[in-house]
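Student: coordinates only, sequence not included:
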């Protein structure tokens, strides 16, 4: 079950996107589909959410979103470059106005020098605009990091719709 705060945020996000008549796609790695799940938990979300790509592996990122393997090899799956490419790949493969991507290290393992547990990169691609990227380092255990990632992604979608 999703936390009530997340569900409330998902409902707000859907309302903001619906007000603009925007459809959205998600491209998720570290959240494994939780962003799409939070949106689809709300009845009537099908008029906003078009599709979700769960691209946990590097191969899935390449196969489903068209990310060149060399980009992943050069920058790592958890990077600004890959987050941008994930969002742009989702936008290119779906009839949507907006796409959000997340790629990160939820832990407890997986940290590398310069990329600690809790690091998450976000990409936000909107038709006709430059793709925005940003990162956060979230504290906590795996479940907390994933929950904070979902909340941040929903907030980013809502802010994009309100802009």
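Tutor: The structure has been received and is ready for your questions. Note that this is a predicted model, so its numbers are computed, not measured. Residues are numbered from 1 along each chain as shown.

Student: Hmm, residue 22 and residue 49 touching each other?
Tutor: No. Assessed by CB atoms under 8 Å, residue 49 is found out of contact with residue 22, at 10.6 Å. Just so you know, the C-beta spots here come from the backbone N, C-alpha and C atoms, and that holds for glycine as well.

Student: quick one: the helices in this structure?
Tutor: Listed in chain order, the helices found in the chain under DSSP state H are 4-19, 34-40, 58-65, 69-75, 80-92, 142-162.

Student: With neighbour numbers in mind, choose between residue 49 and residue 22.
Tutor: residue 49 (22 against 17; other CB atoms under 10 Å).

Student: Now do that one against residue 90, distance only.
Tutor: The gap separating residue 49 from residue 90 is 12 Å, by CB to CB, to the nearest Å.

Student: any common contacting residues for the two?
Tutor: 25-26 (CB atoms under 8 Å, 6 or more residues apart in numbering).

Student: Compute the first-to-last residue distance for stretch 17-35.
Tutor: End-to-end span of stretch 17-35 (CA to CA, to the nearest Å): 15 Å.

Student: which of the residues in that stretch are buried?
Tutor: For stretch 17-35, burial by neighbour count (16 or more other CB atoms under 10 Å) applies to 17, 22-31, 34-35.

Student: Check stretch 116-130 too.
Tutor: Result for stretch 116-130 [16+ other CB under 10 Å]: buried residues 117-126.

Student: I'd like the average pLDDT over that stretch.
Tutor: The predicted model assigns stretch 116-130 a mean pLDDT of 98.
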